[in-house]
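Undergrad: got a predicted model here, sequence first, then my questions.
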Amino acid sequence: MSYYMGADCGSGSVRVGICDSEGHLLSSKVEAIETNNPRVDFYEQSSEEIWRKLCKASKAALAELKDVTPDKIKGIGFDATCSLVVLDKKDKPISVSMELPPTEEEMLQKRFQEEEKRKKSGEEGTTWNIIMWRDHRAYKETEEINSLDHEVLKYIGGQVSIEMESPKLLWLKRNKPHVWRRSGRFMDLTDYLAFRATGCDVRSKCTTGCKWTYLPHKANDGDSCAGWSADFFAKIGLDELVDEGYERIGNTVHDIGSSIGQGLTKEAAEELGLVEGTPVGVGLIDAHAGALGMLGAETEEFLGKQIPLERRMALISGTSTCHIMLSKNAYFVPGVWGPFRDAVIGGYWVLEPGQSATGALMEFVVKSHWAYKFVQSEAEKKQMSIFDLLNDHLKTMSNYRMQSKLMAKMKAAPSVSGFEQSLPPASSYEDAERINQAIREAKRGRPSPSLKPMGLKKIWKGHVAYLSQNLHCLPDYYGNRCPFADPSMRGVLTGLSIFNTRENVKSAGIDELAIRYLSVMQALAYSTRHILESLEASGVPPVEMLFMCGGVSKNPLFVKQHADITGRYIATPRNNETVLIGAATCGACASGRYKDLLEAMKAMNHVGNVIAPNSDPAMALYHERKYQVFKRLYRDHVAYRDIMKGEPSAVKGETTQCEAPSCTIM
């Protein structure tokens, strides 16, 4: 029996998993990694710490499987966040940190702490030589690059993102010139891990194509450098990279899953607990590894038909969300990253919309609420996660409100009751056709005078979704990645009220926190719907099924809201660690076990469950109304910003008056 190892570096931890040739994950281990946050929007990590923790996790994952010896690991693949690693000419880390000037006391205390740490661990001090993907220090450089409107930007949604590498490189040259002069390599974190493992500087078409403005479709087998644009680097002021033959940013770029050099070096094999020469596959960005780990799964067992690969979209939802779609044709969608050729599977183009904050936003909104301490205490007593407890509380609230006895019930049970039964469906509304007509009218911003408000509200009250009827959210707290590609956007939460914060009336606060949490989840789902509509408006074939993985996808209410709001079936994987499966798939291909990635995906990808959208037209109308509010929030927020700048509105067709007629049914 052959086994394969996948190594993943996320934003806060490294993970290593071992799976068999059918994609069964047999063992996995996690190690936390540090992040340095010296200033607002500055996020840094250490490549040495990441490699050290990854090696520790590798040995631990192997030790857990008594029957799997190192020689049975036939291939290894790496994935990581799209963070920038800086090495000197001897391949040692160089600090990219911009610490605030410390006081003399702080400086002495820091030196003492580092000295004590070295004495205890026997390790050298930390060198922060990674600028993380989420680092926004290069805001000015991003704007400058986008003002050029260069041809290469056409392949990354029309403009470079602040999360990509070229603005960061330009920032380093300007703000850390000594680092720029001493540097020997600038690498994406995935490529660094493969380099550390093999000693070969081979870059991935995924990392370079998606984050470095490399154009794989313009390169050829004999000349990787043809994929770089000399004119682009010259115009943004990085012409040194061209003059040196792209040596620092990569002049050898290969397909995902192809074998690198002679495999693991002796040193790397010893550190990882593996065998020298074990094949190493060219890796990819962590989100793309998640897509590789689930988009090839069979769907016929669940839906009675096989959904074509080009009608599927992967949602990798964790700290942020990446939406990934594959196509044989190149589609250019404003605000959507891509199309990237060969960024996941050879011969396919990738479109990559996304959200800058998903799990991070949900956590922030919950933890910043004054009632959080009560929810946290209740969750600890019940030995459940805070989000599971809030989900149960929302079910309880919807049941009470359906019976018009909320206040009486909440006095009797101020926290969470044991209500677990499913609510009755709202499909008994007699005039479904009038509701469908109301949906069509809502899309045009028109009222629905023929519908009786009380009849609809009676139906809606039986659903969790209805609890947020008066609370609306714009989830761009950390900027809008797609479809507006606007890092300056900020979030909105409207419909707030004052609650008594005394402990003896904490139930009202818990209610309000739960509804706020629900509103944020729904806003993230409305954002996904907005992305889907933007793709279709640019000619992309409609998505029939969403494949969801990542930490947030373990939340059943989050998944269900996405199904209902987008109107799509959602598949969740047999094993939620699809990023590890995707990385291991690269190792399996490098070993020669499969002829190509498509064959490997078919063997190693599996659906665990399928969630159907609510087919009730009354609920479709409710979400249509909320979706119109969601889109209006964006337009209004941009208008507010323009007013404060004294500029005309940047929103096309925006006026100073609300054009939407009053709605009589909500």
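TA: Thanks, I have the structure now.
Undergrad: wait, doesn't Ser320 sit right on Gly354?
TA: Yes. Using Cβ atoms under 8 Å, Ser320 is in contact with Gly354, at 6.5 Å. (Each C-beta comes from the backbone N, C-alpha and C, glycine too.)
Undergrad: give me the common contacts of these two.
TA: Common neighbours of Ser320 and Gly354, using Cβ atoms under 8 Å, 6 or more residues apart in numbering, are Arg481.
Undergrad: and the helix or strand that contains Ile50, how far out from the chain middle?
TA: Using DSSP states H and E, Ile50 maps to helix 47-63. Taking Cα atoms, centre = their mean, to the nearest Å, one finds helix 47-63 lying 24 Å from the centre of the chain it belongs to.
Undergrad: give me the next element, helix or strand, following that helix.
TA: strand 73-80.
Undergrad: quick one, that next one and helix 47-63 angle?
TA: 140 degrees (axes from the mean of the first three to the mean of the last three Cα atoms, to 10 degrees).
Undergrad: look up phi and psi at His237.
TA: You called it His, but residue 237 is Gly. As for Gly237, its main-chain torsions (degrees, to the nearest 10) stand at phi 90, psi 20.
Undergrad: which residues sit in contact with it?
TA: Leu170, Lys173.
Undergrad: okay, it and Glu144: tell me how far apart.
TA: 9 Å (Cβ to Cβ, to the nearest Å).
Undergrad: name the residues contacting each of those two.
TA: Joint contacts of Gly237 and Glu144 (Cβ under 8 Å, 6+ apart) are Leu170.
Undergrad: and after the strand or helix carrying Ala197, which helix or strand comes next?
TA: Counting by DSSP H and E, the element that carries Ala197 is helix 189-198. Remark: after helix 189-198, the chain's next helix or strand is strand 203-204, criterion DSSP H and E.
Undergrad: same question for that following strand, mean pLDDT?
TA: On average, the pLDDT along strand 203-204 is 98.
Undergrad: how about stretch 18-25?
TA: 96.
Undergrad: one more: stretch 34-45?
TA: 95.
Undergrad: over to stretch 464-473?
TA: For stretch 464-473, the per-residue pLDDT averages 93.
Undergrad: contacts for stretch 574-581?
TA: For stretch 574-581, using Cβ under 8 Å, 6+ apart, the contacting residues are 6, 8, 10, 15-17, 19, 23-25, 28, 79, 286-287, 289-290, 292-294, 316, 549-550, 553-554, 573, 604-608.
Undergrad: tell me how far it lies from the chain's centre.
TA: The answer for stretch 574-581 is 15 Å, by Cα atoms, centre = their mean.
Undergrad: tell me how far the ends of that stretch are from each other?
TA: Stretch 574-581 has an end-to-end distance of 11 Å (criterion: Cα to Cα, to the nearest Å).
Undergrad: element containing Asn146, please.
TA: helix 139-147.
Undergrad: identify each buried residue in that helix, please.
TA: For helix 139-147, burial by neighbour count (16 or more other Cβ atoms under 10 Å) applies to Glu141, Thr142, Ile145, Asn146.
Undergrad: can I get that helix in CSV? Just the C-alpha atoms.
TA: Output of helix 139-147 as CSV, limited to C-alpha atoms (Å, rounded to 0.1, in the frame of the first residue of the first chain):
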residue,chain,number,x,y,z
TYR,A,139,-1.6,50.4,-0.3
LYS,A,140,0.1,53.3,-2.1
GLU,A,141,2.1,51.0,-4.4
THR,A,142,-1.1,49.1,-5.3
GLU,A,143,-2.8,52.3,-6.4
GLU,A,144,0.2,53.4,-8.4
ILE,A,145,0.4,50.0,-10.3
ASN,A,146,-3.3,50.1,-11.0
SER,A,147,-3.1,53.6,-12.4
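Undergrad: burial count for Asp79?
TA: A count of nearby residues for Asp79, using other Cβ atoms under 10 Å, gives 32.
Undergrad: my bad, should have said Pro308
TA: Pro308 has 11 nearby residues by other Cβ under 10 Å.
Undergrad: and what of Gln376?
TA: The burial count for Gln376: 14, using other Cβ under 10 Å.
Undergrad: residues touching it, list them.
TA: Ile386.
Undergrad: tell me which element it falls in.
TA: helix 372-382.
Undergrad: list the buried residues of that helix.
TA: Quick answer for helix 372-382 (16+ other Cβ under 10 Å): Tyr372, Phe374, Val375, Glu378, Ala379.
Undergrad: give me the pLDDT for the spatially closest residue to Gly347 that is not a sequence neighbour.
TA: Leaving aside its chain neighbours, Gly347 sits nearest to Lys328 (7.2 Å; criterion: Cβ to Cβ, 6 or more residues apart in numbering). The model reports Lys328 with a pLDDT of 96.
Undergrad: roughly how far apart are Lys328 and Trp349?
TA: Taken as Cβ to Cβ, the span from Lys328 to Trp349 is 7 Å.
Undergrad: quick one, which of these two is more surrounded?
TA: Taking neighbours as other Cβ under 10 Å, Lys328 and Trp349 compare with Trp349 leading, 23 against 9.
Undergrad: dump the residue contacts of the more buried one.
TA: Leu326, Ser327, Lys328, Asn329, Ala330, Tyr331, Gly338, Pro339, Phe340, Arg341, Ala343.
Undergrad: can you check what angle separates the helix or strand hosting Ser507 from helix 372-382?
TA: Using DSSP H and E, Ser507 sits in helix 506-537. Counting by the same axes, to 10 degrees, helix 506-537 lies at 100 degrees to helix 372-382.
Undergrad: roughly how far out does helix 506-537 sit from the chain middle?
TA: That offset, for helix 506-537, works out to 16 Å (Cα atoms, centre = their mean).
Undergrad: and the next element down the chain from it?
TA: Defined by DSSP H and E, the subsequent element after helix 506-537 is strand 545-549.
Undergrad: sorry, back to before: look up how far Leu309 lies from the residue nearest to Gly347.
TA: The separation that Lys328 has from Leu309, given Cβ to Cβ, amounts to 9 Å.
Undergrad: isn't His136 up against Ile162?
TA: Yes. Contact criterion Cβ under 8 Å: His136 and Ile162 qualify, at 5.3 Å.
Undergrad: hang on, the earlier thing: Leu172: which of the buried residues of helix 139-147 is nearest?
TA: Of all the buried residues of helix 139-147, Glu141 has the smallest distance to Leu172: 9.5 Å, by Cβ to Cβ.
Undergrad: wait, the closest one touches Asn175, no?
TA: No. Taking contacts as Cβ under 8 Å, Glu141 lies outside contact range of Asn175: 9.5 Å.
Undergrad: and stretch 7-18, what's buried?
TA: Ala7, Asp8, Cys9, Gly10, Ser11, Val14, Arg15, Val16, Gly17, Ile18.
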